[in-house]
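*Asks:* need a structure here:
(one chain, ligands or ions: 1)
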Amino acid sequence: MKQQWMKEKELNNLQFRYFKSLVKHAYNTVPYYHNKFRKIGIKPKDIKSLKDIKNIPILYKEDVLNNYSDFISKDKQYEWMLSKKRFFSEVTSGSSGKQFTTIFDLRAYDYLSIIHLRALIAAGYRPHNKIAYYWYKPSEKKPHNFFGFMRTDYISCKLSLTEQIALLSNLKPEFINYFSSSIYSIARIIDNKELKKIQPKAIITHGEVLSKNMRKVIEDKFNCKVFDHYASNEFNKIAWECNKHSGYHINTDSLIVECLHNKEQVSSGELGNLVITALTNYFFPLIRYDIGDKGILSNEKCSCGRGLSLLKDIKGCSEDFVILPDKQLADPKEIIDILTTIEEIKRFNLIQKTRKKINVNVVLEKNFLDSVIEITKERLSNLFSNQLEIKVIPVDEIKKGARGKIKLVKSLVKK
Ligand SMILES: [Zn+2]
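*Replies:* Numbers count the residues shown, from 1 in each chain. Take a look at the predicted model:
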């Protein structure tokens, strides 16, 4: 908890110490890294500063999928934990069906849980508060929940929006932790009678991109602040907003987050691919893993005083950026902002089918005007510099993924 207030320089030193021991551990006990490092001639003693990270090759999902068992540490304690099933595991999310299970040693997972708690506390949460989680797994109460500590209710993603609203007004949670598009959809349809019953202190969004306008709609409706969190199943919590909302504080005491273009570091403020190293999970080390998301790092300091550095913005999955015929990429958040500012559109998803074709599925208000379809086309056309053929299709519902997420913007075109 205290580490977040350390000075940037102290945190850099801490990161370096963690990184150096991680490389040593990986070299000595993890077959994939042992072979890789030997092949390219890296020895643990060659790591003399954080800058030496650039000498380690970037790791892609395919590398992990093709060499899965070689990523598990052969250290005796981890072999014992594996045989006794004493670990926490999480299957990576992925729409392409290519998934692997990340294994966390329980100490590393406890550390990550504390880091998660500090992000909640930064949003005003206190352990006696009641929190509602929108989640794909069945609810499970832990012993401390029964003593009024970290009271958590799980809301299944299988419920309809109306059922979720009924459950929220019944539970009256003080904090709501939801996938961004789901709480946005609720904000669009909830009525004042139900709103009066809920009145949360804050809403935490995660799991999907949150655009400026989505945030505004949720905040205006629920009359509280939204705190966006960035996480992944490979790394758990990566970055989160404090009450200054000047970016996302990176958990630099458990991760190294790099932002790269063509494998080179981009300058602060520039868009790049996020490449992450988990510093504390020795069971299944992921070093310089390309997580498949795009983001922007910032070198500004947050006025809250935390030393944890900032991600200025997270733009979502690299594969899902709409690519224009002139090879420019369209920012998914700008697309979402256009679609969420058209009042008649309750829910939507946009799919780029080919290099020239876009389909936009929209759930519309009952008495919508025909002109709304033309307006949608026109505004998107402007954003895409009239380079794409756009089809707007009214539908009854937008199908959610297995884990309750909706890809608001999806591209099927290979980049
Ligand atoms: Zn801050």
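*Asks:* In terms of secondary structure, what does the longest helix along the chain contact?
*Replies:* Assignment by DSSP state H gives helix 8-29 as the longest helix of the chain. On a contact count with 3 or more C-beta pairs under 8 Å, 6 or more residues apart in numbering; DSSP states H and E, helix 8-29 meets helix 31-40. Just so you know, the C-beta spots here come from the backbone N, C-alpha and C atoms, and that holds for glycine as well.
*Asks:* any idea of the mean pLDDT for the helix it packs on?
*Replies:* Averaged across helix 31-40, the pLDDT comes to 97.
*Asks:* The longest helix of the chain: how far from the chain's middle?
*Replies:* 24 Å (C-alpha atoms, centre = their mean, to the nearest Å).
*Asks:* Wait, F19 touches I53, no?
*Replies:* Yes: counting by C-beta atoms under 8 Å, F19 does reach I53; the two are 6.9 Å apart.
*Asks:* who touches both of these two?
*Replies:* I256, T277 (C-beta atoms under 8 Å, 6 or more residues apart in numbering).
*Asks:* if you skip the residues just before and after it, what's nearest to the one residue in the stretch 1-150 of the chain that gets nearest to the ion?
*Replies:* As assessed by C-beta to the ion, the ion sits closest to A122 within the stretch 1-150 of the chain, at 7.4 Å. In space, and not counting its chain neighbours, A122 is closest to C242: 4.4 Å by C-beta to C-beta, 6 or more residues apart in numbering.
*Asks:* Helix, strand, or coil at that neighbour?
*Replies:* Put simply, C242 is coil when judged by DSSP: H, G, I helix; E, B strand; the rest coil.
*Asks:* quick one, what contacts the residue of the stretch 1-150 of the chain closest to the ion?
*Replies:* Here A122 is in contact with F227, W240, E241, C242, N243, H249, C304 (criterion: C-beta under 8 Å, 6+ apart).
*Asks:* likewise Y125?
*Replies:* I131, E174, F175, K201, A202.
*Asks:* Just name the closest of the residues you listed to A108, please.
*Replies:* In terms of C-beta to C-beta, no member of these lies closer to A108 than I131, at 23.3 Å.
*Asks:* Tell me how many other residues crowd the closest one.
*Replies:* Applying other C-beta atoms under 10 Å, we find 21 other residues in the vicinity of I131.
*Asks:* So what sits opposite it in the bridge?
*Replies:* T152, F175 (DSSP bridges).
*Asks:* Model confidence at it, what's the number?
*Replies:* pLDDT, I131: 94.
*Asks:* Just to check, it is in contact with I176?
*Replies:* Yes: using C-beta under 8 Å, I131 makes contact with I176 at a distance of 7.4 Å.
*Asks:* quick revisit: let me have the contacts of A122 in CSV, adding neighbour count as columns.
*Replies:* Output for the contacts of A122, formatted as CSV (neighbours: other C-beta atoms under 10 Å):
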residue, neighbour count
F227, 25
W240, 25
E241, 25
C242, 23
N243, 13
H249, 24
C304, 15
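*Asks:* Near the ion, list only the ones from those residues.
*Replies:* C242, C304 (C-beta under 5 Å from the ion).
*Asks:* quick one on the thing from earlier: is it possible to mark the buried ones in the contacts of Y125?
*Replies:* I131, E174, F175, K201, A202 (16 or more other C-beta atoms under 10 Å).
*Asks:* Now render these as a markdown table, adding distance to the ion.
*Replies:* Below are the buried ones among the contacts of Y125 laid out as a markdown table (distance: C-beta to the ion, whole Å):
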| residue | distance to the ion |
| --- | --- |
| I131 | 21 |
| E174 | 22 |
| F175 | 19 |
| K201 | 18 |
| A202 | 15 |
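*Asks:* quick one: the strands in the stretch 101-250 of the chain?
*Replies:* Taking DSSP state E, counting those that start in this stretch to define them, one finds strands in the stretch 101-250 of the chain at 101-104, 130-135, 151-156, 175-179, 202-206, 225-232, 236-240, 248-250.
*Asks:* list the helices and strands the last one packs on?
*Replies:* Judged by 3+ C-beta pairs under 8 Å, 6+ apart, strand 248-250 is in contact with strand 225-232, strand 236-240, strand 310-317.
*Asks:* Rounded mean pLDDT for the first one, please.
*Replies:* Regarding strand 225-232, the rounded mean pLDDT is 96.
*Asks:* Residue numbers of the stretch 251-400 of the chain in contact with the ion?
*Replies:* Those residues of the stretch 251-400 of the chain that sit near the ion, judged by C-beta under 5 Å from the ion, are C302, C304, R306.
*Asks:* can you redo these as CSV with secondary structure and pLDDT?
*Replies:* Listed next are these as CSV, based on DSSP: H, G, I helix; E, B strand; the rest coil; pLDDT from 0 to 100:
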residue, secondary structure, pLDDT
C302, coil, 97
C304, coil, 97
R306, coil, 97
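*Asks:* wait, which of those residues is closest to L11?
*Replies:* Nearest to L11 among these, counting by C-beta to C-beta, is R306 at 9.6 Å.
*Asks:* Count residues in the vicinity of that closest one, would you?
*Replies:* Neighbour count for R306, taken as other C-beta under 10 Å: 21.
*Asks:* how much space between Q4 and R118?
*Replies:* Q4 sits 6 Å away from R118, going by C-beta to C-beta, to the nearest Å.
*Asks:* One more: K48?
*Replies:* Relative to R118, K48 is positioned 31 Å away (criterion: C-beta to C-beta).
*Asks:* for E378, same thing?
*Replies:* According to C-beta to C-beta, E378 stands 45 Å off from R118.
*Asks:* the more surrounded of these two?
*Replies:* Of the pair E378 and R118, R118 is the one with more neighbours under other C-beta under 10 Å, namely 20 against 12.
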